[in-house]
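> Please find the sequence and the predicted model below.
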Amino acid sequence: MTTALEVASAVRDPELPVLTLADLGVLRDVSETDGRVVVTITPTYSGCPAIDEMGADLRRSLVSAGYEDVEVRLSLSPAWTTDWISDEGRSKLAAAGIAPPSRIGPAAAGPVPLNLVPPSRQVTCPQCGSPNTSEISRFGSTACKALRRCHACAEPFEHVKEI
């Protein structure tokens, strides 16, 4: 029998189906005790509309694999960050034509400064590799992605925003 961790790790993200929940870093823990499986996930942000679907997909996959008693728990702390996307996940995003986020590192302790201007940064085109890109829209097909255009190859592409 496949382990519960292996089954849960293979479940795909409903909004970024090129990634598994493990690739995305939202799969936090899978434990098996006396036939009961408890899966803990952290949404990409607290209002993520896909979180219910993630839980349903996890339950469905685990039950299909023979696990009858499955509980999916949400953990909002610590908050998810794009730094939790695995290296393999970043490679999968780029291969699918979606620019992966840069790593932002650990959050600073103390008060968080308020900046109302989105950070300007260089995003490399996943199609041709050119750094000559610009943001078309701060929001793409989902709230966690922005829409950009490459000035070298003229292709539009999505970029997973750093959180």
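Arrived safely. Numbering: from 1, shown residues only.
> Not counting sequence-adjacent ones, nearest residue to V30?
By the measure of CB to CB, 6 or more residues apart in numbering, the closest residue to V30 outside its immediate chain neighbours is L5, 4.4 Å from it. No exception for glycine: its C-beta is placed from N, CA and C like everyone else's.
> And the helices in this structure, which stretches?
With DSSP state H as the criterion, the chain has helices at 4-9, 21-24, 51-64, 87-95.
> I'd like those written out as TSV, with distance to Y45, mean neighbour count and mean pLDDT added.
Shown next, in TSV, are the helices of the chain (distance: least, CB to CB, whole Å; neighbours: other CB atoms under 10 Å; pLDDT from 0 to 100):
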stretch	distance to Y45	mean neighbour count	mean pLDDT
helix 4-9	21	19	97
helix 21-24	12	23	98
helix 51-64	9	17	97
helix 87-95	17	16	97
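> give the contact list for C48.
Shown in contact with C48 (CB atoms under 8 Å, 6 or more residues apart in numbering): no residues.
> Break this structure into its domains for me.
The record's domain parsing of the chain by automatic domain parsing lists 4-74, 119-163.
> residue with max distance from the center of this structure?
Relative to the centre of the chain, and counting by CA atoms, centre = their mean, the farthest-placed residue is D34 at 30.8 Å.
> returning to what we had before: and the domains of the chain, which one's lowest on average pLDDT?
The stretch with the lowest mean pLDDT among the domains of the chain is domain 119-163, which comes in at a mean of 91.
> check contacts around the residue most central in space within the chain.
The centre of the chain sits closest to L24, judged by CA atoms, centre = their mean, with a distance of 3.6 Å. For L24, the residues meeting the contact criterion (CB under 8 Å, 6+ apart) are D13, L16, T44, W84, I85, G89.
> Throw these into TSV and include distance to A143, thanks.
Shown next, in TSV, are the contacts of L24 (distance: CB to CB, whole Å):
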residue	distance to A143
D13	14
L16	12
T44	9
W84	17
I85	16
G89	18
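> beta partners of F157?
Bridge pairing for F157 (DSSP bridges) gives the partners R148.
> and E162, what is it in contact with?
Taking CB under 8 Å, 6+ apart as the definition, contacts of E162 comprise T82, P101, S102, I104, P119, R121.
> which of those residues count as buried?
The neighbour-count criterion (16 or more other CB atoms under 10 Å) marks T82, P101, S102 among these as buried.
> Please produce CSV containing the contacts of E162, extended by distance to C153.
Shown next, in CSV, are the contacts of E162 (distance: CB to CB, whole Å):
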residue, distance to C153
T82, 25
P101, 21
S102, 21
I104, 27
P119, 24
R121, 20
